[in-house]
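Asks: Need coordinates for the below:
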Amino acid sequence: MNKKIGSKFLLALLSGFLLLSVTSCTEKKGTFEKAGENMDEAVDDVRNQMDDAADEAHDEVEEMGDKIEDSTDR
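Replies: Numbers count the residues shown, from 1 in each chain. Below you'll find the model as predicted:
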């Protein structure tokens, strides 16, 4: 599970840097503003992916807990 989270984080971070490098090469006006917006978007994407991964992990832990409860109730 941690490997999955790390991969998503790295992908989002690299995507943000790619967008940053592309916009900084093509734009002369407002480069820093656009770079900041791209970084904000990358951070939001990472945050959303981390939230999704945390939700998935929470659900899996709850399922494991339910299975343990069910197996000890017998």
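Asks: can you give me phi and psi for residue 45?
Replies: In terms of degrees, to the nearest 10, the main-chain angles of residue 45 are phi -60, psi -40.
Asks: Assess the claim that it and residue 11 are in contact.
Replies: No: using CB atoms under 8 Å as the test, residue 45 is too far from residue 11 to be in contact (9.0 Å). Where C-beta positions appear, they are placed from N, C-alpha and C, glycine not excepted.
Asks: Compare the two (neighbour count), which wins?
Replies: residue 45 (17 against 13; other CB atoms under 10 Å).
Asks: which stretch of helix or strand covers the nearest residue in space to that one that is not next to it in sequence?
Replies: The shortest distance from residue 45 to any non-neighbouring residue, by CB to CB, 6 or more residues apart in numbering, is to residue 12 (4.5 Å). Residue 12 belongs to helix 2-26 when assigned by DSSP states H and E.
Asks: ok, how many other residues are close to residue 20?
Replies: If you count neighbours by other CB under 10 Å, residue 20 ends up with 18.
Asks: For it, give me its contacts.
Replies: Residues in contact with residue 20, defined by CB atoms under 8 Å, 6 or more residues apart in numbering, are 35, 38, 39.
Asks: go again using 6 Å as the cut-off
Replies: For residue 20, the contacting residues are 35, 38, taking CB atoms under 6 Å, 6 or more residues apart in numbering as the criterion.
Asks: Report the helix or strand with the lowest average pLDDT across this structure.
Replies: Least confident helix or strand of the chain, by mean pLDDT, DSSP states H and E, is helix 2-26 with a mean of 71.
Asks: hmm, back to that, you'd agree the residue nearest to residue 45 is up against residue 47?
Replies: No: the criterion here is CB atoms under 6 Å, and residue 12 misses it with residue 47 at 9.1 Å.
Asks: Pick out whichever of those two has more residues nearby.
Replies: Set side by side, residue 12 and residue 47 give different neighbour counts by other CB under 10 Å, the larger being at residue 12 (20 against 12).
Asks: re the thing from before, mind checking how far the residue nearest to residue 45 is from residue 55?
Replies: Distance from residue 12 to residue 55, counting by CB to CB, to the nearest Å: 17 Å.
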